[in-house]
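K.L.:
Need coordinates for the below:
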Amino acid sequence: TDLMYTRLNSFVSITYHGFHDDQSGIYAYAWFMGFQTCAQSVVGPRDPNAASTSELSNINQGRILQHFDDGIYYVTVQALNQVIFGGSGVLSLCHSTEYVIDTTPPVIPNVTLISYRESTNISTFFYEARDDLSGVRLVELGVGLTVSDIAILPWTPIFLNVTATITHKINVADGMRAFIRIRATNNV
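P.N.:
Numbering: from 1, shown residues only. Predicted coordinates:
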């Protein structure tokens, strides 16, 4: 898909190609950014070739340095054709790519219903993981001797679901405390 994710929120950079007009050619390009397809509400039209001194050199890229808040943006490239009668832009093509800036990690609000059966070394628990902007790509289980290690069970992929009841065999010696850890990774 054309959906892209990033943690970088201090600049946006684009590179584009593939626009052509067999009848009249391309007169100019512009790129911009907004909260909807083909919108200019965040970054107004930028001419990537404004500094070029030759018609033959198309730069086909752009960059803007500024702070962007987390959210969903659309980066758009517009091509204007070079029609002689009627002026440029008689026909223009606008292509947008959804661009998600997400600087926050996924949230795991719940790990509940934890049980452990000593006779079989089976642990069962329920978890919930979410990331409202970029979604959850992977959920992993780790088990440690403390709340900050995974000495008993190293990170192991469990499910791609954002909520699930997990049954997993965990070998823990009698009388030893174990701590279940859940780690979620988003699509960034």
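K.L.:
Any stretches of this structure with poor pLDDT?
P.N.:
1-3, 49-59, 84-93, 160-161 (pLDDT under 70).
K.L.:
hmm, try it at 80
P.N.:
Across the chain, residues meeting the criterion (pLDDT under 80) sit at 1-3, 16-21, 24-28, 44-62, 80-96, 159-166.
K.L.:
Which residue ranges of it form strands?
P.N.:
Under the criterion DSSP state E, the chain contains strands at 4-6, 11-15, 26-34, 43-46, 61-65, 71-81, 92-101, 107-117, 122-130, 136-144, 153-159, 163-169, 179-186.
K.L.:
Dump those into CSV; add mean neighbour count as well.
P.N.:
For the C-beta atoms, the positions are set from N, CA and C on the backbone; glycine is no exception. Output for these, formatted as CSV (neighbours: other C-beta atoms under 10 Å):
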stretch, mean neighbour count
strand 4-6, 15
strand 11-15, 15
strand 26-34, 19
strand 43-46, 14
strand 61-65, 14
strand 71-81, 20
strand 92-101, 16
strand 107-117, 12
strand 122-130, 17
strand 136-144, 19
strand 153-159, 14
strand 163-169, 13
strand 179-186, 18
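K.L.:
So residue 21 is in contact with residue 28, correct?
P.N.:
No: if you go by C-beta atoms under 8 Å, residue 21 and residue 28 don't touch, sitting 11.6 Å apart.
K.L.:
list residues touching both of the two?
P.N.:
residue 79 (C-beta atoms under 8 Å, 6 or more residues apart in numbering).
K.L.:
can you tell me how far residue 180 sits from residue 165?
P.N.:
Going from residue 180 to residue 165 by C-beta to C-beta, to the nearest Å gives 13 Å.
K.L.:
For stretch 23-40, measure first residue to last.
P.N.:
28 Å (C-alpha to C-alpha, to the nearest Å).
K.L.:
Report the distance from it to the chain centre.
P.N.:
Relative to the chain's own centre, stretch 23-40 is displaced by 23 Å; criterion: C-alpha atoms, centre = their mean, to the nearest Å.
K.L.:
just stretch 116-123 next, same as before
P.N.:
38 Å.
K.L.:
Quick one: end-to-end distance for that stretch.
P.N.:
4 Å.
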